[in-house]
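Asks: no sequence for this one, just the structure:
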């Protein structure tokens, strides 16, 4: 086994298990302190619906000839903001910006405690373009000398699954990802990516628009063929916009669809043989179309299962320009990013789940996810002797695993820690490992976006 192979095996197996152990120890300690006596007892099905202003066991007094009094369900915020659901009849409505909608006749008190947090996600970017040179031409040795980032530049793309729910929500958020060993150079690059964003619902909460603005400490957009590291700099990535629409809802299941647009706001890439001696440039011009389907299933107040299916299509490719004898530039071809299929599925379970509590920490859930990334087309190639940019016949088939934990604070914010590790061979990896941190702050009072039944 070579030293290089041994290094990647250590990253693949040892480091994830170390992180898993730390997460489980911390999760167990916190959960034990909160879960002893805080979880409310379930309401007995035989107790019947809760009637406003009465004890759950109380029966309205009626005269023999009077019609039965109509049942009025307790307001949802009264059910969610008191210590024990069995005492909902004596609770007073709690003021707050989030828990304001009225419960319907089909809504049970226990079902309002369910909530599906955002998925954690994975991924960096499609494969970079490799640059090769003819043997012995212009004194440049043949072989692969550098890589040119594809879609998203050296910042990477933003898949829908990254800190997103199939349900439209009102929120602002911040994502941080620490990618180790991204193959943007021969020896890999560590990338620290930051993504502030927001999502706003409309059409009575059935639709939403989301905007992501990523930037990163990553590979410079000015590359040198003889520099194996090529330095680092802060780069702004491609602005991404997602439109989401709920298409089906029930008390335990919801499905949505939508379209994302990745706009070419990242910098162009310039390749030099030496300072002041440019070889060629790749213009960042491609607009990516990102259609998706999503669903969430929550059979009870503790468990949630979510999935996303997404496609990634390059709509118009990127121009490749070289210097001509007149001192100008000439477009010698266009590079098209590979088309992709992304499928992600994840599940979690609320070990501690007390949204009606007055505590600061109200929920804790471990999460496990699998992410499959499959290229639908091969890499592209532009011939501009003495260099060839790209390659033909190379495909990607990637599988990544994610573990993490989500904590909810009060009723309006979540914090998620996650770790992503490749489950594919070394040749097909987009990174060696990734640590991810996500924070969401929810706002708005027209629709309760925490409850799975309030769509």
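Replies: Right, received. Where do you want to start? Keep in mind that what you see is a predicted model, and the values were worked out from it rather than measured.
Asks: The protein: helices as residue ranges?
Replies: Taking DSSP state H, the helices of the chain run over residues 3-34, 76-80.
Asks: how many neighbours does residue 215 have?
Replies: Residues lying near residue 215 (other C-beta atoms under 10 Å) number 16. Where C-beta positions appear, they are placed from N, C-alpha and C, glycine not excepted.
Asks: same check, this time on residue 312
Replies: For residue 312, the count of nearby residues is 25 (other C-beta under 10 Å).
Asks: I'd say residue 274 and residue 222 touch.
Replies: No. Under the criterion of C-beta atoms under 8 Å, residue 274 makes no contact with residue 222, lying 12.0 Å away.
Asks: More neighbours: those two, which one.
Replies: Legend: neighbour count by other C-beta under 10 Å for residue 274 and residue 222, higher for residue 222 (17 against 10).
Asks: ok, and the closest non-adjacent residue to that one?
Replies: residue 270 (5.2 Å; C-beta to C-beta, 6 or more residues apart in numbering).
Asks: For beta bridges, what are the partners of that neighbour?
Replies: Legend: beta-bridge partners of residue 270 under DSSP bridges are residue 222, residue 281.
Asks: cool, residue 363 as well?
Replies: As for beta bridges, residue 363 partners with residue 353, residue 408 under DSSP bridges.
Asks: contacting residues around it?
Replies: If you count contacts by C-beta atoms under 8 Å, 6 or more residues apart in numbering, residue 363 has them with 115, 350, 352, 353, 354, 355, 406, 407, 408.
Asks: Then residue 288?
Replies: Neighbour list for residue 288: 151, 157, 238, 260, 261, 262, 312, 313, 314, 315, 337 [criterion: C-beta under 8 Å, 6+ apart].
Asks: Buried ones from those residues, can you make that a PyMOL selection?
Replies: Applying 16 or more other C-beta atoms under 10 Å to the contacts of residue 288, the buried members can be selected in PyMOL as follows:
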select buried, resi 151+157+238+260+262+312+313+314+337
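Asks: Where is pLDDT lowest across the contacts of residue 288?
Replies: Minimum pLDDT across these is recorded for residue 151, with 63.
Asks: where among the helices of the chain is the average confidence lowest?
Replies: Ranked by mean pLDDT, the helices of the chain end with helix 76-80 at the bottom, a mean of 36.
Asks: What's the separation between residue 310 and residue 332?
Replies: Distance of residue 310 to residue 332, computed by C-beta to C-beta, to the nearest Å: 32 Å.
Asks: So between these two, which is more surrounded?
Replies: Of the pair residue 310 and residue 332, residue 310 is the one with more neighbours under other C-beta under 10 Å, namely 20 against 17.
Asks: of the contacts of residue 288, closest to residue 246?
Replies: residue 260 (16.4 Å; C-beta to C-beta).
Asks: In contact with that closest one, which residues?
Replies: Taking C-beta under 8 Å, 6+ apart as the test, what residue 260 contacts is 160, 240, 241, 242, 243, 288, 289, 290, 291, 292, 310.
Asks: For the closest residue to the third one other than its chain neighbours, give me its contacts.
Replies: Read that as residue 241. The spatially closest residue to residue 241, leaving aside those adjacent along the chain, is residue 261, at 4.9 Å (C-beta to C-beta, 6+ apart). Counting by C-beta under 8 Å, 6+ apart, residue 261 touches 240, 241, 287, 288, 289, 290.
Asks: right, and out of the contacts of residue 288, which lies closest to residue 359?
Replies: Of all the contacts of residue 288, residue 359 sits closest to residue 260, with 37.0 Å by C-beta to C-beta.
Asks: Which positions are bridged to that closest one in the beta structure?
Replies: residue 242, residue 290.
Asks: Kindly report the same for residue 174.
Replies: The partner residues for residue 174, given DSSP bridges, come to residue 196, residue 439.
Asks: Number of residues surrounding it?
Replies: For residue 174, the neighbour count with other C-beta under 10 Å is 14.
Asks: For it, give me its contacts.
Replies: Neighbour list for residue 174: 194, 195, 196, 197, 438, 439 [criterion: C-beta under 8 Å, 6+ apart].
Asks: Please report the distance of the residue nearest to residue 120 when sequence neighbours are not counted from residue 341.
Replies: Excluding the flanking residues, the one nearest residue 120 by C-beta to C-beta, 6+ apart is residue 418, at 4.0 Å. To residue 341, residue 418 is 22 Å away according to C-beta to C-beta.
Asks: who's more crowded, these two?
Replies: Neighbours around residue 418 and residue 341, counted as other C-beta under 10 Å, are more numerous at residue 418. The numbers are 24 against 13.
Asks: can you pull the contacts of that one?
Replies: Taking C-beta under 8 Å, 6+ apart, we find residue 418 in contact with 120, 367, 402, 403, 404, 405, 435, 436, 437, 438.
Asks: Who is it paired with across the strands?
Replies: Residues in beta-bridge contact with residue 418 (DSSP bridges): residue 404, residue 436.
Asks: swap in residue 254?
Replies: residue 249, residue 296.
Asks: what about it, neighbour count?
Replies: 24.
Asks: For burial, what's the neighbour tally of residue 183?
Replies: Residue 183: 19 surrounding residues under other C-beta under 10 Å.
Asks: ok, it touching residue 429?
Replies: Yes. Shown here, residue 183 and residue 429 form a contact pair, counting by C-beta under 8 Å, at 7.2 Å.
Asks: that older thread, let me know the distance separating the residue nearest to residue 120 from residue 244.
Replies: Here the distance between residue 418 and residue 244 works out to 22 Å (C-beta to C-beta).
Asks: before we move on, what about residue 185?
Replies: 36 Å.
Asks: now residue 282
Replies: Note on residue 282: its distance to residue 244, by C-beta to C-beta, is 32 Å.
Asks: Kindly report the same for residue 346.
Replies: Applying C-beta to C-beta, the value for residue 346 to residue 244 is 18 Å.
Asks: again, but for residue 197
Replies: Between residue 197 and residue 244 the computed distance is 13 Å (C-beta to C-beta).
Asks: Tally up the residues packed near residue 264, please.
Replies: The burial count for residue 264: 19, using other C-beta under 10 Å.
Asks: Give me the neighbour count for the residue lying closest to it once chain neighbours are set aside.
Replies: The shortest distance from residue 264 to any non-neighbouring residue, by C-beta to C-beta, 6+ apart, is to residue 284 (4.6 Å). By the criterion of other C-beta under 10 Å, residue 284 has 22 neighbours.
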